[in-house]
Structures are given as structure tokens and as C-alpha cells.
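[1] Fold the stuff below for me.
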Amino acid sequence: MKKAFKDYSSDALAMIVLALIAVFVGGYILSNQRFYLPAWVPFVGTEFYTLNAEMQTAQAITPGQGQTVAMAGVPVGEISAVTLQNGRAVVKMSIKAQYADDINKNATVLTRPKTGLNDMLLQLNPGTKSSGSAPDGYTIPVSQTLPNVNPDEVLASLDTGTRNYLKLLIGGAGEGLKGNRQELAATLKRFDPLARDTEKATKLLAERRQNIARNIHNLRLITEALSAKDEDLSAFVDSSNAVFRSFANQDQSLATALSELPTALEATNSAVISADKLGQTLGPSLNALRPFARNLKSVSITSQDFFDQTTEVLKTQLRPFSKAAQPTVANLKPASADLATATPNLASSFGVLNYAFDMLAYNPKGSANEGYLYWLAWLNHIGPLLFTNQDALGPVRRGLFMVNCPNAKTVYNLAGGVKPLNTLSALINAPTPEETPPGEGNGPCTSGPGRRSVSTSSPASSTGTDTETTTTTTPSADAADPSTVADAGDETAAPETASAPVTTTVTPPLTATPDTGGTR
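    Sure thing, here's the model as predicted:
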């Protein structure tokens, strides 16, 4: 045996290859002939799901002839048997198990011919999930199936006259279309857009059939509800009639309103034009804000860090402080009311102060004139000169009093009866009546053209201190050389000429204190 196999090994190998090729080709042919092995065969076995359908007639349905069951044009199984039950044909279908979950209880079956020889197939519509999944062995009722309709059945349903007219119509159509197939084809092509749009509308209606069913149901509910409200509907109709009658009576007003409509439309047009300008301006503005919007994220992140850091401060410091300050804030309410009453006056005062500060801060243009702040600095510089003289008790302030001769005489006459004037007269060392000749108005004084200074001592206070007072008389406007000034302590009298007001310079005394101490 080994020798024979060795001598004919090439022939044996060729036979094995031919056998494998035959098995492969046979399997391919059988697979295309819908030959299925049982489910218990490993790897190549096929499991089926059984579905039955009741039909009015099973004409031209022959099991075992390769008649298939299609779902949306895709073969999903085949017809395995046809039986008669209760006067109706029951078609048994073997569906591949992978499509079992797609078939529902409201599925429908239509019988359709594949060829002109009535080679049938069953068109299966799986139905909707809302009806529930169909179990294995489920029977689709006859109300959900339709058989194929033959042309003779259509003619049989017509009466004799209709059939004769139909024959004439078909014969005339044949004569008219003879030799015009291209024109007929062109005419039918023009229906393509209509067919496409009709298909789209049909698909949309199919998708919306649940909504349509719901609308019909709601319409029924509304109709039933309205049927129970006939009196209310009657009242509504009467009210509507009254409203429309009122509108009819206001036809003149409506005409006036409509006549004003063009003006309103013009104003609306202007507003729309302005809004267009606003839109044109707003576009660049929003584009300019885009960098800000882009940076807003980083700012928000930074702000989040800040808020995280300040949360503890607000919680542990500001919040307890706010609670502790509530009684104080309650007590501040009456004071706040009074402050609110005084606020208008304060506002006016601050307005005046603001005006004063503006006036002080104003600096005129040019170098010839300077503002108040410039001269205020000079005043601050020369102010201390008032206190240049001092003794052991502190600075001695200087003073200047000016009085004309008649007023000096009046002060002297009144000083005896009025104590404050007596004190003032002693302090300023006013001229006596002997030193001021009789006269009216700003008449001449006894002082001459020069300036006369008289230095006397008079009691100033109850402390026993003396006040050193210098009284100076200056010439009148028509006296010679009014700028002439006599030195302090000069008692030389000037010639008796007309003189003007008396000028008195008062220097507060240097107060001496006893050895035991004193006050200034």
C-alpha cells in the first residue's frame, strides 16, 4: 500500500485537490440556492425564527421553490409551508434569527410577484416597537395581510358597460401611442420631479403618522368637549357677533387709523434705517470687543483664585464684624436721617468751598500776574514778621490803628462814659482835644507836615503792666511830602498846618512778671 501510494502520489494529490475544489464549488452553489444546514451543525448551521401569516388566498405561493421573504428589499427568510386553517391560507415563514428582534406584532405582509410568471415573494413590514415584539410562532392576522391582485380580478369587478369603455380606452391609447414611444418616454420623464417630491412628502407623512394620529385623537377630544359646551359656544358666537358689530360701527375710526398708517410706516422706515446705521457701527464695536472676550477666560480664572483667597477673610473676619456692627448701624439710623436733612446745605457749602479752592488754584496766563497761591506763599513768608519782637514770656504782637482827628476827638469824649472805649482809648493812646484843633469833617490837626510820634505809658490791665503806645499823625493830602516819617520817640512838634487823619500804632506791652512767677 505504501509502495502504491508512493508510486501514485501525484495522482492522489491531484484527486484530493479536485475533491476540495468540488466541495468549495458545491458549497457556493448551495449557498446561492438557499440551502441551509440545521442549527445543530457547528459553524455552518443556521437558526431560524418561525412566523405565520393568515391570507385570503395563497395563489402562486409554492414552498420549496425559492420564494423569499423580503424586508425593505433585503431577503430575511423564505416560505417553508402553506396550510389551510378555518378556510384561510396560513403561510409559514422561516426568518433568520438575527432579524427576529425587528419584527413586531403590528407587522404587515404583502404578496408581490417578482416576474410576469407570478413568481411570488412576501414583502414584510416589521411594524413599530410600541406594539411589542412578535414571539416565535406568532401569526399575523388576515387584517394585516394583502394578497396579489390579478388584472382579471379588476376586470371582473367592473360591469359590462365599464369593461367595454375600458376596452375602447385601451384600444384608442394603443392607436394613439403607436410609433410615439419616445414622446411618451419624454412625457413620463417630466413626472420625475413630481415623483421625487411625492416620495419626500410620503416619507415625511410616514415619519409623522404618529403625530397625525395624536392630532386626530386630540381633535376628537376637543370635538367631544365642545359638544358638551353648546350653550357656551352659543354665548361665544353671540359675543363675537357683538364684537364684530362694534368693529363695524367704528369703520370711520378704522379708516382714520389706516390713513395714519403711511406716516407710521415712514417713521418705521426711518427707524429701520437708523437701526441699520446702528448695526453697521455695532459690528466693528463688537469686533473690537473680541480681544476682551478672548482674555475674559484668563481674567475669570485669576478672579477665581482671588475669590478663593478672600473667601476665608469674608467668612472669618468680615462676616463676624458685620454681625457685631448691626446694633451700631441701627443706632446710626436717626443720625443718618439728620445727616440726610443737612446734606443739601453741606452740598451747597462744599460747592462754595470748591469754588474758593478753584479761585485759589487759578493761575492767570503770563508772568505778570500770579495766582493766590503764589501770594499766599509770600504771606506765609512775611507773616512771622508780626512776631519778631519778643521777651522772656514770648512774642510781642504789633498793631496799627488809623483814626482821623474828628473821630479821635469823638472817641476821647465818649471814653469817659463807656468803659470799653476808655480801655481802647488808653491802649491806642489817642490824641487829646488840645492836640486836635476845633473843626468839622476831616479838618486840620495840630500836627504839622511831618509825622509826629508821641510815646506815653498808660495802665493796660489789672496786672500792673504798662502798654507802650506810639501815636503818629500824618499830614493831609495837600501837605508836603506825605511819606516823611518821624522816628519812634521823637516829640518834636511839626508846624501848625492842615493835617489829615491821625494814625496810631499800638504795640502790646512787654509784660513783666514778679519774681514769684506770673502770667503772660
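[2] C-alpha from now on. contacts and neighbour counts both.
    Noted.
[3] buried ones in stretch 91-104?
    Val91, Lys92, Met93, Ser94, Ile95, Lys96, Ala100, Ile103, Asn104 (16 or more other Cα atoms under 10 Å).
[4] and the end-to-end length of that stretch?
    17 Å (Cα to Cα, to the nearest Å).
[5] what does that stretch contact?
    46-55, 58, 69, 76-83, 126-129, 131-134 (Cα atoms under 8 Å, 6 or more residues apart in numbering).
[6] hmm, back to that, would you format the buried residues of stretch 91-104 as a markdown table with distance to Asn218 included?
    Formatted as a markdown table, the buried residues of stretch 91-104 follow (distance: Cα to Cα, whole Å):
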| residue | distance to Asn218 |
| --- | --- |
| Val91 | 39 |
| Lys92 | 40 |
| Met93 | 39 |
| Ser94 | 41 |
| Ile95 | 39 |
| Lys96 | 40 |
| Ala100 | 34 |
| Ile103 | 29 |
| Asn104 | 26 |
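[7] any chance of those residues in JSON lines, plus distance to Lys189 and pLDDT?
    Below are the buried residues of stretch 91-104 laid out as JSON lines (distance: Cα to Cα, whole Å; pLDDT from 0 to 100):
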{"residue": "Val91", "distance to Lys189": "40", "pLDDT": "93"}
{"residue": "Lys92", "distance to Lys189": "41", "pLDDT": "92"}
{"residue": "Met93", "distance to Lys189": "39", "pLDDT": "91"}
{"residue": "Ser94", "distance to Lys189": "40", "pLDDT": "89"}
{"residue": "Ile95", "distance to Lys189": "39", "pLDDT": "89"}
{"residue": "Lys96", "distance to Lys189": "40", "pLDDT": "87"}
{"residue": "Ala100", "distance to Lys189": "40", "pLDDT": "88"}
{"residue": "Ile103", "distance to Lys189": "37", "pLDDT": "92"}
{"residue": "Asn104", "distance to Lys189": "38", "pLDDT": "93"}
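[8] tell me the domain boundaries of this protein?
    For the chain, the structural domains run 48-148, 203-245, 261-290, 398-506, going by automatic domain parsing.
[9] For Leu385, find the nearest of those domains.
    domain 398-506 (9.2 Å; Cα to Cα).
[10] quick check: mean pLDDT across that closest one?
    For domain 398-506, the mean pLDDT works out to 51.
[11] got it, and stretch 171-183?
    84.
[12] so how far is Thr343 from Asn354?
    Distance from Asn354 to Thr343, by Cα to Cα: 16 Å.
[13] which secondary element of the protein has the worst mean pLDDT?
    When the helices and strands of the chain are compared on mean pLDDT, DSSP states H and E, strand 452-459 comes out lowest with a mean of 37.
[14] which helices and strands does the host helix or strand of Leu169 pack with?
    Using DSSP states H and E, Leu169 falls within helix 160-177. Using 3 or more Cα pairs under 8 Å, 6 or more residues apart in numbering; DSSP states H and E, no helix or strand is in contact with helix 160-177.
[15] Please put the alpha-carbon coordinates of the following helix or strand past it into CSV.
    Next along the chain after helix 160-177, taking DSSP H and E as the criterion, comes helix 181-189. Extracted C-alpha coordinates of helix 181-189, given in CSV (Å, rounded to 0.1, in the frame of the first residue of the first chain):
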residue,chain,number,x,y,z
ARG,A,181,-42.8,55.8,-27.6
GLN,A,182,-40.0,58.5,-27.5
GLU,A,183,-42.6,61.2,-27.0
LEU,A,184,-44.3,59.1,-24.3
ALA,A,185,-40.9,58.5,-22.6
ALA,A,186,-40.2,62.2,-22.7
THR,A,187,-43.6,63.0,-21.2
LEU,A,188,-43.1,60.4,-18.4
LYS,A,189,-39.7,61.9,-17.6
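[16] residues making contact with helix 181-189?
    By Cα under 8 Å, 6+ apart, helix 181-189 touches Leu177.
[17] which element follows that helix toward the C-terminus?
    As the chain continues past helix 181-189, the following element, by DSSP H and E, is helix 192-207.
[18] so that next one versus helix 181-189, what angle?
    Orientation check (axes from the mean of the first three to the mean of the last three Cα atoms, to 10 degrees): helix 192-207 against helix 181-189 gives 40 degrees.
[19] For helix 192-207, which residues meet the burial criterion?
    Within helix 192-207, no residue counts as buried by 16+ other Cα under 10 Å.
[20] how distant is the very next helix or strand once past that helix from the center of its chain?
    Remark: after helix 192-207, the chain's next helix or strand is helix 209-227, criterion DSSP H and E. Centroid displacement of helix 209-227 relative to its chain, using Cα atoms, centre = their mean, to the nearest Å, is 41 Å.
[21] okay, the angle between helix 209-227 and helix 192-207?
    60 degrees.
[22] Pull out the C-alpha coordinates of the helix or strand following helix 209-227 and format them as PDB.
    Moving toward the C-terminus from helix 209-227, the next helix or strand (DSSP H and E) is helix 230-249. The C-alpha trace of helix 230-249 is given here as PDB (Å, rounded to 0.1, in the frame of the first residue of the first chain):
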ATOM      1  CA  ASP A 230     -73.100  74.000  23.200                       C
ATOM      2  CA  GLU A 231     -74.500  76.800  25.400                       C
ATOM      3  CA  ASP A 232     -71.100  78.300  26.000                       C
ATOM      4  CA  LEU A 233     -70.400  78.100  22.200                       C
ATOM      5  CA  SER A 234     -73.700  79.900  21.600                       C
ATOM      6  CA  ALA A 235     -72.700  82.600  24.000                       C
ATOM      7  CA  PHE A 236     -69.300  82.800  22.400                       C
ATOM      8  CA  VAL A 237     -70.900  83.300  19.000                       C
ATOM      9  CA  ASP A 238     -73.200  86.000  20.300                       C
ATOM     10  CA  SER A 239     -70.300  87.800  21.900                       C
ATOM     11  CA  SER A 240     -68.300  87.500  18.700                       C
ATOM     12  CA  ASN A 241     -71.200  88.900  16.800                       C
ATOM     13  CA  ALA A 242     -71.400  91.900  19.200                       C
ATOM     14  CA  VAL A 243     -67.700  92.500  18.900                       C
ATOM     15  CA  PHE A 244     -67.800  92.400  15.100                       C
ATOM     16  CA  ARG A 245     -70.800  94.800  15.200                       C
ATOM     17  CA  SER A 246     -68.800  97.200  17.300                       C
ATOM     18  CA  PHE A 247     -65.900  97.000  14.800                       C
ATOM     19  CA  ALA A 248     -68.400  97.700  12.000                       C
ATOM     20  CA  ASN A 249     -69.700 100.800  13.900                       C
END
